[in-house]
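Q: Okay, predicted coordinates and the sequence, questions at the end:
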Amino acid sequence: MKMQRLRLDFVQPAYSPLPGLALLLAAIVLMALAQFEVSGLSRSEKDLQDSLAKISQKPRAKGERQPQSDEFKRENQSAHDVASLLLLPWRDLFAALEIAASDDVTLLSIEPDHRKQQVRITAEAKDFKAIVDYMKRLGEAPQLEMVHLEHYQQQEDSTEHGLRFSLLASWKLGS
């Protein structure tokens, strides 16, 4: 049996260099495109920074505020109103209403007006004496003063609570 001759050639490449060169060329082209894109973004960023600098350098008189849109003013006022309502001393008002409560009076609604520091109470009572007693007990509460009857009316469809009435009281918000 005859052995085949082993051929070792270290000078000649074992593969074609064309695919590697094509890959290198593609990488160079992609890098050039990426550099072009980055420089475009840098120019846009610089333009935006220049615009921002011009706006911030606009001279304003001392204490002058930036004009606000009407929508912003409405939303700000609405948020302020909600915050004011949440900060009212509700616990004190409810305590006064609980102390004044009786079986002859059924509370229907409580309508606070924090701007006027008043509260309107709508309820139903068995008779006029129950209304007067309820008003007296509310007037003795330290949180309320100047409790007065706004109006009342006879309820035709109710047998237990024949009178519907509305009271207005000054609400001491600082107490």
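A: Now that the structure is in, tell me what you want to look at.

Q: give me the low-pLDDT residue ranges for the chain?
A: Scanning the chain for pLDDT under 70 picks out the ranges 1, 9-15, 56, 58-67, 158-161, 174-175.

Q: Got the domain ranges for it?
A: Domains of the chain are assigned by automatic domain parsing as 19-57, 89-171.

Q: Next, the buried residues of whatever helix or strand residue 78 lives in.
A: Element membership for residue 78 (DSSP states H and E) is helix 70-86. Within helix 70-86, no residue counts as buried by 16 or more other Cβ atoms under 10 Å. Quick note: C-beta positions are derived from backbone N, CA and C, even for glycine.

Q: Alpha carbons of that helix, as PDB, please.
A: Written as PDB, here are the backbone C-alpha positions of helix 70-86 (Å, rounded to 0.1, in the frame of the first residue of the first chain):
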ATOM      1  CA  ASP A  70     -56.100  79.900  31.000                       C
ATOM      2  CA  GLU A  71     -56.300  76.100  31.200                       C
ATOM      3  CA  PHE A  72     -53.400  76.000  33.600                       C
ATOM      4  CA  LYS A  73     -55.100  78.700  35.800                       C
ATOM      5  CA  ARG A  74     -58.400  76.800  35.800                       C
ATOM      6  CA  GLU A  75     -56.700  73.500  36.700                       C
ATOM      7  CA  ASN A  76     -54.600  75.200  39.400                       C
ATOM      8  CA  GLN A  77     -57.700  76.900  40.900                       C
ATOM      9  CA  SER A  78     -59.500  73.500  40.800                       C
ATOM     10  CA  ALA A  79     -56.600  71.800  42.600                       C
ATOM     11  CA  HIS A  80     -56.500  74.600  45.200                       C
ATOM     12  CA  ASP A  81     -60.300  74.200  45.800                       C
ATOM     13  CA  VAL A  82     -60.000  70.500  46.300                       C
ATOM     14  CA  ALA A  83     -57.100  70.900  48.700                       C
ATOM     15  CA  SER A  84     -59.000  73.500  50.700                       C
ATOM     16  CA  LEU A  85     -61.900  71.200  51.100                       C
ATOM     17  CA  LEU A  86     -59.700  68.300  52.200                       C
END
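
Q: Counting by contacts, list what it packs against.
A: Under the contact criterion of 3 or more Cβ pairs under 8 Å, 6 or more residues apart in numbering; DSSP states H and E, the helices and strands touching helix 70-86 comprise an empty set.

Q: Helix or strand for residue 32, just tell me which one.
A: Here residue 32 sits within helix 18-56, counting by DSSP H and E.

Q: how far out from the middle of the chain is that helix?
A: From the chain centre to the centre of helix 18-56 is a distance of 41 Å (Cα atoms, centre = their mean, to the nearest Å).
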